[in-house]
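K.L.:
Let's see this in three dimensions:
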Amino acid sequence: MRVVCCGIGPIGAGVARLLLSRGFKVVGAVDLGPRKVGCDLGVVLGLRSRTGVRITADPAAIRRARADVALITTSSRLPEAAPAIEAAVRAGADVISSCEELAYPFARHPALAARLDRLARRHGVTILGAGVNPGFVMDFLPVCLGLVSSRIRRVAVTRVLDASRRRGSFQEKIGLGMRRAEFQRMRASGRMGHVGLLESLHLLAHGLGIELRRTRSSLNPLIATRAHRLGARTVARGSLAGLAQRIVAIGARGERLSLDLRVGVGMPEEFDRVEIAGTPRISCILHGGLHGDRATEAILVNLIPRVRAARPGLLTMLDLPPGGLSPRTGSPGL
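P.N.:
Okay, the predicted model is just below:
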């Protein structure tokens with residue numbers, strides 16, 4: 001199977017390493033970073049040997065490489081990721097992307113979602129947005145757990161992350177060390193907070209058959225009560241130590257959905273928790289939580305066979321069968 005990696009940042013590099021270790025044929029790599037363009041992919045990945053694949057800034061490399069699949073890890077925002085997605089589709093490649101807004105684009109970008117769906121159907125390929133959050137912990141996992149419920153009244157998902165264990169770019173994205181006034185300016189401009197919580201909410205509601213009526217969200221700072229040293233970064237006492245983000249929705253039949261994300265330094269523990277109030281009552285907790293980067297890399301690679309076998313169009317995780325590393329096709333005994 002011939003794969004092209006678009007975006008060789010922290011996530012994209014991890015995806016490329018995993019692909020190579022699993023025996024996939026990586027036939028192309030696209031990245032806009034001037035220090036990466038022209039370099040061998042193996043050198044940029046820090047591997048012991050060269051791959052023979054030179055990184056280019058030209059998305060047309062997808063067509064030239066005759067790729068079966070393009071793994072796109074370039075942006076959290078769909079309008080920014082769309083040109084690379086469209087280039088891959090026109091080249092006849094299936095697309096799997098970590099773009100958070102692509103996990104359920106029909107609420108935030110309905111016109112763009114419709115355009116991508118038409119384009120994918122025209123070219124006979126599949127587009128999928130995937131990852132650990134959105135794409136698994138706060139949406140797909142509770143939908144799967146809800147399959148054993150005859151009635152659901154409330155779903156509450158909580159994700160707590162220790163930012164000190166995450167990459168520097170992630171720490172910067174959540175504003176560690178930022179002063180409160182700067183946080184307030186960034187929040188007012190819409191440039192602060194996790195991208196994808198709205199998509200998780202809609203994916204969860206869709207999977208559970210809940211019609212949303214009212215939605216409210218909040219984003220608040222976590223303030224450091226002591227100084228923290230994270231490599232070259234210092235989080236001073238009184239500055240931003242993390243974020244507390246929440247979205248709550250009420251369904252047409254009174255169902256209540258709540259998604260809570262707390263990410264910062266100084267967290268006493270990390271965990272992912274799903275609680276379903278219904279028949280029966282369900283409580284599921286992943287102690288230590290899922291590492292967002294590593295889990296996302298695995299999901300993108302593990303989904304390749306399923307996306308290759310899926311129907312054409314713009315799909316969500318709910319359109320694919322669940323499974324592990326090596327899916328088998330057909331019915332047992334046939």
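K.L.:
center of the chain - which residue?
P.N.:
Compute the mean C-alpha point of the chain, and by Cα atoms, centre = their mean the closest residue is G131, 3.2 Å away.
K.L.:
Who are the contact partners of that residue?
P.N.:
By Cβ atoms under 8 Å, 6 or more residues apart in numbering, the contact set of G131 is 98, 100, 103, 196, 292, 296, 299-300. The way it works is simple: take the backbone N, C-alpha and C, and place the C-beta from them, glycine included.
K.L.:
switch the cut-off to 6 Å
P.N.:
98, 296 (Cβ atoms under 6 Å, 6 or more residues apart in numbering).
K.L.:
before we move on, what about E297?
P.N.:
Counted by Cβ under 6 Å, 6+ apart, E297 has contacts 14-15, 18.
K.L.:
in the protein, which spans are helices?
P.N.:
Ranges of helices within the chain are 10-21, 41-45, 61-64, 78-90, 110-123, 140-145, 168-173, 180-188, 197-208, 292-302, 304-309, based on DSSP state H.
K.L.:
avg pLDDT for the last one?
P.N.:
If I follow you right, that is helix 304-309. Averaging the model's pLDDT scores along helix 304-309 yields 96.
K.L.:
which residues of the stretch 101-250 of the chain score low on pLDDT?
P.N.:
Within the stretch 101-250 of the chain, no range satisfies pLDDT under 70.
K.L.:
try 80
P.N.:
165, 167-169, 172, 231-233 (pLDDT under 80).
K.L.:
Could I get the buried residue list for stretch 158-170?
P.N.:
Buried residues in stretch 158-170, counting neighbours by 16 or more other Cβ atoms under 10 Å, are found at 158-166, 170.
K.L.:
Please indicate which of the contacts of E297 has the highest neighbour count?
P.N.:
V15 (28 neighbours; other Cβ atoms under 10 Å).
K.L.:
From Y104, how far out is that residue?
P.N.:
With distances taken as Cβ to Cβ, to the nearest Å, V15 is found 21 Å from Y104.
K.L.:
for the nearest residue to G292 once chain neighbours are set aside, what are its contacts?
P.N.:
Once flanking residues are discounted, G292 sits nearest to V132: 5.2 Å by Cβ to Cβ, 6 or more residues apart in numbering. V132 sits next to 290, 292, 295-296 when contact means Cβ under 6 Å, 6+ apart.
K.L.:
So among those residues, where is pLDDT lowest?
P.N.:
Across those, the smallest pLDDT goes to G292, namely 86.
K.L.:
Return the residues in contact with L219.
P.N.:
Listed by Cβ under 6 Å, 6+ apart, the contact set of L219 reads 187, 193, 245.
K.L.:
thinking again about what came up before, could you point out which of the contacts of E297 is nearest to D117?
P.N.:
V15 (24.3 Å; Cβ to Cβ).
K.L.:
how about the nearest residue to that closest one, chain neighbours excluded?
P.N.:
Using Cβ to Cβ, 6+ apart, the closest residue to V15 is E297 (5.0 Å).
K.L.:
Over to V37?
P.N.:
Looking at V37 with Cβ to Cβ, 6+ apart, the closest residue is A57, at 5.1 Å.
K.L.:
rewinding a little: any of the contacts of L219 buried? List them.
P.N.:
Of the contacts of L219, these count as buried by 16+ other Cβ under 10 Å: 187, 193, 245.
K.L.:
Using JSON lines, lay out these together with distance to A227.
P.N.:
As requested, the buried ones among the contacts of L219 are exported to JSON lines (distance: Cβ to Cβ, whole Å):
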{"residue": "R187", "distance to A227": "23"}
{"residue": "G193", "distance to A227": "24"}
{"residue": "Q245", "distance to A227": "24"}
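K.L.:
Looking at these, which is nearest G38?
P.N.:
Nearest to G38 among the buried ones among the contacts of L219, counting by Cβ to Cβ, is G193 at 35.9 Å.
K.L.:
Spatially nearest residue to the closest one (excluding sequence neighbours)?
P.N.:
Per Cβ to Cβ, 6+ apart, closest to G193 is L219, 4.7 Å.
K.L.:
how many neighbours does R185 have?
P.N.:
Neighbours around R185, by other Cβ under 10 Å: 13.
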